[in-house]
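Undergrad: curious how this folds, go ahead:
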Amino acid sequence: MAEAIRVLVVDDCPVVRTGLISILGAAADIDVVGEAGDYPEAIRKALELRPDVVLVDIFMRGCTGLEAMVTMREDFPGAKVVIFTASEQEENVRQALRSGAEGYLLKSSTLKEVVDAVRLIAAGEVMLSQHTVTLLVAEFRNRENGTNHESEISSRQMEVLQLVGECLTNTEVGHRLFISESTVRTHLRRLMETLHLRNRAEVVAYASNHHLTSNSRLLPN
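TA: Below is the predicted model:
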């Protein structure tokens, strides 16, 4: 039996923390190992408890969630961070993803969406709201300025790009293409280098922007 996903919940509102702990703790495959009400405490507990996933708000007392995330990543590179916030501001979304967040969830998300996000992100995937993807697509359009990199991509890499764009896991992509998971990771790394993408979230957004996918595990608005 696989080990439970270890989660640290960070929010300065006790009611929000209690709700998240109750929701996540009810899942058999998730173990909430700790909670924090401010960023210094979050950083200490992340180092002490070594969670698989940290669920954190952008805005709390002391400093921003992005600053805390950068600090946690420097001291604990294995942490996967999910921003859980009420903010839909474009700059907050962009800064979160540029800083390395694996997910960006709004506090209007359903209980199932929160649990699904933790599971996917623990497995190395991303979880984004449709609103977030729309912002990323706009950024790509501005960044590319008509440049076409697709001629530099092999047919196999294009297949990987399309399937990752549909938010399939590396394991699922491998099964679909009859290749190993390590080979999928290699193709994905080369894709990101060729397309100048920084993380998996940007791969998903690129595929959406270029109409390479017909469905995905994106959260509704």
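
Undergrad: use CA for all of it now, contacts and neighbours both
TA: Will do.

Undergrad: so what touches stretch 27-36?
TA: Contacts to stretch 27-36, defined as Cα atoms under 8 Å, 6 or more residues apart in numbering, come from residues 3-12, 17, 21, 24-25, 42, 45, 49, 51, 115.

Undergrad: at 7 Å what do you get?
TA: 4-11, 21, 24-25, 42 (Cα atoms under 7 Å, 6 or more residues apart in numbering).

Undergrad: tell me which two of the residues you listed sit farthest apart.
TA: Distance extremes for the contacts of stretch 27-36: the farthest pair is 4 and 11 at 21.9 Å, using Cα to Cα.

Undergrad: of the two, who's got more company?
TA: Between residue 4 and residue 11, counting by other Cα atoms under 10 Å, residue 11 is the more crowded of the two (26 against 14).

Undergrad: list the contacts for that one?
TA: Contacts of residue 11 (Cα under 7 Å, 6+ apart): 17, 36-38, 56-57.

Undergrad: toward the C-terminus, what is the element adjacent to the worst-scoring helix or strand of the chain on mean pLDDT?
TA: Least confident element among the helices and strands of the chain, by mean pLDDT, DSSP states H and E: helix 130-144 (a mean of 63). The C-terminal neighbour of helix 130-144 among helices and strands, as given by DSSP states H and E, is helix 155-165.

Undergrad: now that next one: average pLDDT?
TA: Averaging pLDDT along helix 155-165 gives 85.

Undergrad: any idea how far it is from the chain center?
TA: 19 Å (Cα atoms, centre = their mean, to the nearest Å).

Undergrad: buried stuff in that helix?
TA: Under the neighbour-count criterion of 16 or more other Cα atoms under 10 Å, helix 155-165 has 157-165 buried.

Undergrad: repeat that for stretch 190-197.
TA: Those would be 191-192, 195, 197, for stretch 190-197 by 16+ other Cα under 10 Å.

Undergrad: check stretch 25-44 too.
TA: In stretch 25-44, counting by 16+ other Cα under 10 Å, buried: 25, 30-39, 42-43.

Undergrad: which ones are touching residue 184?
TA: Contacts of residue 184 (Cα under 7 Å, 6+ apart): 170, 174.

Undergrad: can you tell me the SS state at it?
TA: Following DSSP: H, G, I helix; E, B strand; the rest coil, we place residue 184 in the helix state.

Undergrad: how much space between it and residue 172?
TA: 10 Å (Cα to Cα, to the nearest Å).

Undergrad: quickly list what's touching both of those two.
TA: With Cα under 7 Å, 6+ apart, residue 184 and residue 172 have no common neighbours.
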